[in-house]
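S.K.: attaching a predicted model along with its sequence, questions to come.
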Amino acid sequence: MVEILSRELLAENIWQTKVYAPRIAKSAKPGQFIIVRSEERGERIPLTIADYNAEEGSITMVTQALGASTRKIVAKGAGESFSDVAGPLGRPSDFVAEDINELRKKRFVFVAGGVGTAPVYPQVKWLHEHGVEVDVIIGAKTKDMLIYTDKMRAVATNLYIATDDGSEGFHGLVTTLLETLITEKGKSYDCCVAIGPMIMMKFVTLTAKKFDLPCVVSLNALMVDGTGMCGACRVTIAGKTKFTCVDGPEFNAYDVDFDEAMRRQGMYRTQEQRAAAIAAERAAGHKCNIGLDK
Amino acid sequence: MANKIPRVPVREQDPALRATNFDEVCLGYSLEEATLEASRCLNCKNPRCVTACPVGIQIPHFIEALKGGDVKSAADIIAQDSSLPSICGRVCPQESQCEGSCILGIKGESVAIGKLERFVGDWRLNNPQQVALPQSNGKRVAIVGSGPAGLACASDLAKLGYQVTVFEALHEVGGVLVYGIPEFRLPKKGVVAKEVESVKRLGVKFETDVIVGRTVTIDSLMDEEGFDAVFVGSGAGLPRFMGIEGENLNGVLSANEFLTRANLMRAYDDEYDTPIYVGQRVVVVGGGNVAMDAVRTAKRLGAEATIVYRRSEAELPARVEEVHHAKEEGIEFRMLTNPTRVIGDEKGWVTGLNCVRMELGEPDASGRRSPIEVAGSDFEIACDVVIMALGTSPNPLIASTTANLETSRRGCIVADEFGRTSRKGVFAGGDTVTGAATVILAMGAGRKAAAAIDKYLQQ
């Protein structure tokens, strides 16, 4: 059992949960993820690491409650516990192993979309702590859906915000903002890292390509074990099949077959929707008399 | 003198019924049936069955005890060589080991050694022995992986007085016994959990959710957490794919994924949250035990299920009993058939499997006649799920995070017959050394390594 230290609502349906997991906290590096099983009969859900603190022995995750299983995760608060938290999984971001002096010559721009802002934070924080300049673009549908803006401002050289409805910051898409920064504001970058919905990462990649800007994306594929055993997270990278959990989750964006990756995310969608519908019905006290919930 | 009666049949669930549930297929012998079957053993002077057993269980000796109804003595005799009889009695390929060498099998039917071993093993699980634990010698051993190799190694070391901690990457202890082999062949609560309990009673500690190579490393276990030696029994968990067109379509999955969802995650039970998808028609590619497990699981989940294998039935690597059970349950076998391409619809979901017919040519390196494609024999099998059961290889995570740990070209950890690796104090055994093999070989390797670890730490 893994003790929950705190829980906080960040935006509608988006929760931050901090747990006591000292071994993971000690080993975690930017770019890695964890697998959480909320309860004994629960699903293994891969979640990004939003922060880690080795001294406190804590790791922080940010979960958007979309399906039955993520709802169970956010339903638990301080003093309660999860059945399992395993990690850190996946390979750390490449820059962690780069020569620090070379790294300091580079200018990074991170493009974070929605709940993808959370895993961007430990990366920007790490670079900031190692004296690397980082600009960050955070995008959301609307002002109320923005998360981690204050935390990010503290570690980013420049923070830019884009909302689809213009309720805060730039009115428009993160891709347009990125393009504007480069073409109109005279910004120049050596590396772009995009984390967010698959469709956003696909279009950030296309934008980066216009400027020959090297680009890295972090893929959120379906997984069961997260250790290389099942292959549910297969993605095509430069024409070759790779496992997101052990070969990734970060890949050279130009090598990723995004259309296939998006399609594969939908593999269990109808079943998830069915499970969510049954859970909602049960929660509402409905008992099916003709066995449709079996 | 041995009884000249026919082999005592073992009771099984009716095929039509069991194809709809996940309860164990084989119900095992009663004491009366076991003693009657035991009475068939000739008690050979030079028992070929013992030679054919990978761990050399004193088979005629334990059967002799069973003849007189002395199950306890039988259990003690088996325990000298095997720590997992109730499991091996269920999953060993007896027809190519002990039973395959039984003299009675030349003209008639061999003694049902596997079923007798299972009977004795189950008796021991239900009548646990009070083990007087030796005083702790103060030395600590870490075991990586809680499958058969790790369990066997842990239990032997604990009996010698070592403080043993087993680290398991998944959330449940048992390794392949839990995620790989289905409930209907190896009950999780009734058998695996009880075997684990018996290891726990020896004082062995289990820590789940620890991925060695990520959460901790071999070096951090030895340098920071104070372990004096490490045994790596992390198995062969990485699935292989064919590399054919359409393999990443929705509906193509590894047998590992399919079985992990069904077995470890209990996806077949609506009370559990993990989804599983079988569609209407499932094709499983492969002919080993894992292929049989996958196809029979698919059948139980309500799909029409077919095995596609490139050689002929004689070459099927699966246990004879599994093939027999699968056929009884209505599994379709398409032999001498090899997939060439997975076909999908415009939305990226599987609609069929394009195959070619094969014929057998000259024997290859494995001694089996190699399949050759029949030109122009392309045809399509309509299906919505394709499960690849083509074998597995060791996870590179430990080797890649442990300096100077030698591995083979195939990614296996290199270890000698005592489990000694290129790193001092680091031992390995089971599938991670041999590549995917059997439970009994892994168990045997775990025990040999335990003896070698004891010798090393005594120095």
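M.R.: Happy to help now that I have it. What you see is a predicted model, and the numbers here were worked out from it, not measured in a lab.
S.K.: how would you label residue 72: helix, strand or coil?
M.R.: All of this refers to chain A. When classified by DSSP: H, G, I helix; E, B strand; the rest coil, A:Lys72 comes out as helix.
S.K.: for the residue nearest to it when sequence neighbours are not counted, what are its contacts?
M.R.: Once flanking residues are discounted, A:Lys72 sits nearest to A:Ser38: 4.3 Å by CB to CB, 6 or more residues apart in numbering or on different chains. To be clear about C-beta, it is placed using only N, CA and C from the backbone, and glycine gets the same treatment. Neighbour list for A:Ser38: A:45, A:69, A:72-73, A:75-76, A:82-83 [criterion: CB atoms under 8 Å, 6 or more residues apart in numbering or on different chains].
S.K.: what about stretch A:90-107, average pLDDT?
M.R.: Across stretch A:90-107, pLDDT averages out at 96.
S.K.: repeat that for stretch A:233-249.
M.R.: Across stretch A:233-249, pLDDT averages out at 95.
S.K.: quick one: contacts of it?
M.R.: If you take CB under 8 Å, 6+ apart as the criterion, stretch A:233-249 is touched by A:31, A:33, A:46, A:89-91, A:218-223, A:225-228, A:231, A:251-252, A:255-257, A:260-261, A:264, B:241, B:243, B:247-248, B:395-397.
S.K.: just to be sure, which of those are found in strands?
M.R.: Using DSSP state E to define strands, the subset of these located there is A:33, A:46, A:89, A:218, A:251-252.
S.K.: the residue of the stretch 1-150 of chain B at minimum distance from chain A: what's it in contact with?
M.R.: Taking CB to the nearest CB as the measure, the stretch 1-150 of chain B has B:Gly145 as its residue closest to chain A, at 11.4 Å. Residues in contact with B:Gly145, defined by CB under 8 Å, 6+ apart, are B:166-169, B:175, B:232-235, B:430, B:432.
S.K.: neighbours of the residue lying closest to B:Leu301 once chain neighbours are set aside, how many?
M.R.: The shortest distance from B:Leu301 to any residue other than its chain neighbours is 4.5 Å, reached at B:Val278 (CB to CB, 6+ apart). Burial of B:Val278 is recorded as 22 neighbouring residues (other CB atoms under 10 Å in any protein chain shown).
S.K.: now swap in A:Lys202 and tell me
M.R.: Going by other CB under 10 Å, the residues that sit close to A:Lys202 add up to 19.
S.K.: and what of the one 3 residues further on?
M.R.: Around A:Thr205 sit 23 other residues, with neighbours defined as other CB under 10 Å.
S.K.: now do A:Pro46
M.R.: Neighbour count of A:Pro46, defined by other CB under 10 Å: 23.
S.K.: and if you look at the one 5 residues further on?
M.R.: A:Asp51 is flanked by 20 other residues according to other CB under 10 Å.
S.K.: that one: what's its closest spatial neighbour, skipping adjacent residues?
M.R.: Of all residues beyond its chain neighbours, the one nearest A:Asp51 is A:Thr60 (4.0 Å), with distances taken as CB to CB, 6+ apart.
S.K.: tell me what the one helix or strand the one you found maps to is packed against?
M.R.: In this structure, A:Thr60 is located in strand A:58-64 according to DSSP states H and E. Counting contacts by 3 or more CB pairs under 8 Å, 6 or more residues apart in numbering or on different chains; DSSP states H and E, the secondary-structure elements packed against strand A:58-64 are strand A:14-20, helix A:22-27, strand A:33-37, strand A:45-53, helix A:68-74, helix A:117-129.
S.K.: angle of that strand against helix A:117-129?
M.R.: Between the axis of strand A:58-64 and that of helix A:117-129 there is an angle of 140 degrees, by axes from the mean of the first three to the mean of the last three CA atoms, to 10 degrees.
S.K.: partner strands of strand A:58-64, parallel or antiparallel?
M.R.: As defined by DSSP bridges, the strand partners of strand A:58-64 come to strand A:14-20 (antiparallel), strand A:45-53 (antiparallel).
S.K.: give the buried residues for it.
M.R.: Of the residues in strand A:58-64, those buried by neighbour count under the rule 16 or more other CB atoms under 10 Å in any protein chain shown are A:58-64.
S.K.: not counting sequence-adjacent ones, nearest residue to the most centrally placed residue in chain A?
M.R.: To find the centre residue of chain A, average its C-alpha atoms and take the closest one (CA atoms, centre = their mean): that gives A:Gly116, at 3.9 Å. Nearest non-adjacent residue to A:Gly116, counting by CB to CB, 6+ apart: A:Gly196, 3.4 Å away.
S.K.: phi, psi of the nearest residue to A:Glu260 once chain neighbours are set aside?
M.R.: Nearest non-adjacent residue to A:Glu260, counting by CB to CB, 6+ apart: A:Thr236, 5.5 Å away. Taking degrees, to the nearest 10, you get phi -100, psi 120 for the backbone angles of A:Thr236.
S.K.: tell me the bridge partners for A:Thr236.
M.R.: A:Thr241.
S.K.: roughly how far does it sit from A:Asp257?
M.R.: Distance, A:Thr236 to A:Asp257, using CB to CB, to the nearest Å: 4 Å.
S.K.: what about the residue nearest to A:Glu260, neighbour count?
M.R.: Using other CB under 10 Å as the criterion, A:Thr236 is surrounded by 18 other residues.
S.K.: any idea how far it is from B:Glu245?
M.R.: Using CB to CB, one gets 12 Å for the distance from A:Thr236 to B:Glu245.
S.K.: wait, a helix at B:Glu32?
M.R.: Yes. Inclusion of B:Glu32 in a helix is indicated when three-state DSSP is applied.
S.K.: wait, A:Glu133 touches A:Val109, no?
M.R.: No. Under the criterion of CB atoms under 8 Å, A:Glu133 makes no contact with A:Val109, lying 9.9 Å away.
S.K.: in the stretch 351-459 of chain B, which spans are helices?
M.R.: In chain order, the stretch 351-459 of chain B shows helices spanning B:397-400, B:431-434, B:439-458, with DSSP state H, counting those that start in this stretch as the criterion.
S.K.: tell me which of the ones you listed lies nearest to chain A.
M.R.: Closest among the helices of the stretch 351-459 of chain B, using CB to the nearest CB: helix B:397-400, at 6.9 Å.
S.K.: that closest one close to chain A?
M.R.: Yes. Remark: helix B:397-400 sits within contact range of chain A at B:Leu397, by CB under 8 Å from any CB of the partner chain.
S.K.: quick one: buried residues of that helix?
M.R.: Neighbour-count burial for helix B:397-400, counted by 16+ other CB under 10 Å, picks out B:397-399.
S.K.: per-domain residue ranges of the chain.
M.R.: No chain in the question, so chain A it is. A:2-89, A:94-218, A:220-266 (automatic domain parsing).
S.K.: the chain in question should be chain B.
M.R.: B:11-126, B:140-237+B:394-458, B:240-391.
S.K.: which of the ones you listed sits most buried?
M.R.: By mean neighbour count, with neighbours taken as mean count of other CB atoms under 10 Å in any protein chain shown, domain B:140-237+B:394-458 ranks first of the domains of chain B at a mean of 22.
S.K.: off-centre distance for that domain?
M.R.: Taking the mean C-alpha point of domain B:140-237+B:394-458 and that of its whole chain, the gap between them comes to 15 Å (CA atoms, centre = their mean, to the nearest Å).
S.K.: also stretch A:263-272?
M.R.: Centroid displacement of stretch A:263-272 relative to its chain, using CA atoms, centre = their mean, is 19 Å.
S.K.: enumerate the residues of the stretch 51-200 of chain B near chain A.
M.R.: Near chain A, when you scan the stretch 51-200 of chain B using CB under 8 Å from any CB, you find B:169-171, B:179.
S.K.: switch to 7 Å and redo it
M.R.: For the stretch 51-200 of chain B, the residues found near chain A under the criterion CB under 7 Å from any CB of the partner chain are B:169-171.
S.K.: so which of these is the closest to chain A?
M.R.: Proximity of these to chain A, judged by CB to the nearest CB, is greatest for B:His171, which lies at 4.3 Å.
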